[in-house]
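Chemist: I'll drop the sequence and a predicted model, then ask my questions.
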Amino acid sequence: MIRLAGGVPVEVLADETQGYLVTVDQLEAAVTSRTKALLFCSPSNPTGAVYPREQVEAIGRWADERGLWVVTDEIYEHLTYDGAEAPSMPVVVPSLQDRCVIVNGVAKTYAMTGWRVGWLVGPADVVKAATNLQSHATSNVGNVSQRAALAALEGDLSAVEEMKVAFDRRRRTIVQLLNEISGVVCPEPKGAFYVYPSVKGLLGREVAGTTAATSAELAELILEKAEVAVVPGEAFGSPGYLRLSYALGDDDLVEGITRLQKLFA
């Protein structure tokens, strides 16, 4: 999307040793006089990392001092575990509010992916410009979808809390099972419903007569040999990792990871 808009994306990567949390020092090393905006996502897709309040504040103050805009993706805001919280950057750093756009939707928290309803919150002139652009792209969101989204937002979060209990159980299960595979290092995510294990220890290893040199090749091998679908790190700009979702039934999750265990035994 950034490239389509004429921008140049600059990826700032944090690995498993950092808990997938980018630091202000890393951002400072990547910024240039041409930098316009920071895209921030917490809880994160694909890693499941959740930035603690003090780090959100530090990054927000850095962006504010730099005069940068921030686009903050908060669609997983309610899906956090182990007491983690996902504070909104413009709330933590109020001085940033005039240069911040919040993106959210009903797909994740409310399990309403197919309804295709999202929104943004930001300065009035930015929202008006975005509305003008969107009106020529998709015309409008279906009325039925809008009513469904209103029902979700105006209701309580009891159903979400029930869903979080199931997600939390599956989160612990998938992390445990993945870490039992030699060559896999899987940090425990604090949010969303993904794990992002490092599989660098599996690359170059012969498996079922085949050797994968990259995580993209490894994902293809897993699909072919174990019939399990994973997303390689190449899709997110960080080769050497796989993204797996635990937004599925407990039995299916165990079956899938058990197939990987057998494949790499």
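Modeler: Everything's here; your move.

Chemist: Would you mind listing the buried residues in stretch 1-15?
Modeler: 14-15 (16 or more other C-beta atoms under 10 Å). To be clear about C-beta, it is placed using only N, CA and C from the backbone, and glycine gets the same treatment.

Chemist: How far away from the center of its chain is it?
Modeler: How far stretch 1-15 lies from its chain's middle: 15 Å, per C-alpha atoms, centre = their mean, to the nearest Å.

Chemist: Pull out the buried positions in stretch 147-167.
Modeler: 148-149, 152, 160, 163-164, 167.

Chemist: mind putting these in TSV, pLDDT included?
Modeler: TSV is the format used below for the buried residues of stretch 147-167 (pLDDT from 0 to 100):
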residue	pLDDT
148	96
149	96
152	94
160	92
163	94
164	96
167	97
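
Chemist: I'd like to know which of those are part of helices.
Modeler: Among the buried residues of stretch 147-167, DSSP state H puts 148-149, 152, 160, 163-164, 167 in helices.

Chemist: Tell me which residues touch the spatially most central residue of the chain, please.
Modeler: Nearest to the mean C-alpha position of the chain, by C-alpha atoms, centre = their mean, lies residue 45 at 0.9 Å. Shown in contact with residue 45 (C-beta atoms under 8 Å, 6 or more residues apart in numbering): 73, 76, 192, 194.

Chemist: most surrounded residue in those residues?
Modeler: In terms of neighbours by other C-beta atoms under 10 Å, these top out with residue 192 at 30 neighbours.

Chemist: Identify the residues contacting it.
Modeler: 43-45, 48, 76, 79, 108.

Chemist: try 10 Å this time
Modeler: Going by C-beta atoms under 10 Å, 6 or more residues apart in numbering, residue 192 touches 41-50, 75-77, 79-81, 86, 108, 167, 171, 245-247.

Chemist: picking up where we left off before, tabulate the buried residues of stretch 147-167 (CSV), appending distance to residue 176.
Modeler: Shown next, in CSV, are the buried residues of stretch 147-167 (distance: C-beta to C-beta, whole Å):
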residue, distance to residue 176
148, 36
149, 36
152, 32
160, 24
163, 21
164, 19
167, 15
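
Chemist: ok, so of the residues you listed, who is nearest residue 209?
Modeler: Closest approach to residue 209 among the buried residues of stretch 147-167 (C-beta to C-beta): residue 167, at 36.6 Å.

Chemist: how much space between the closest one and residue 60?
Modeler: In this view, residue 167 and residue 60 are 27 Å apart by C-beta to C-beta, to the nearest Å.
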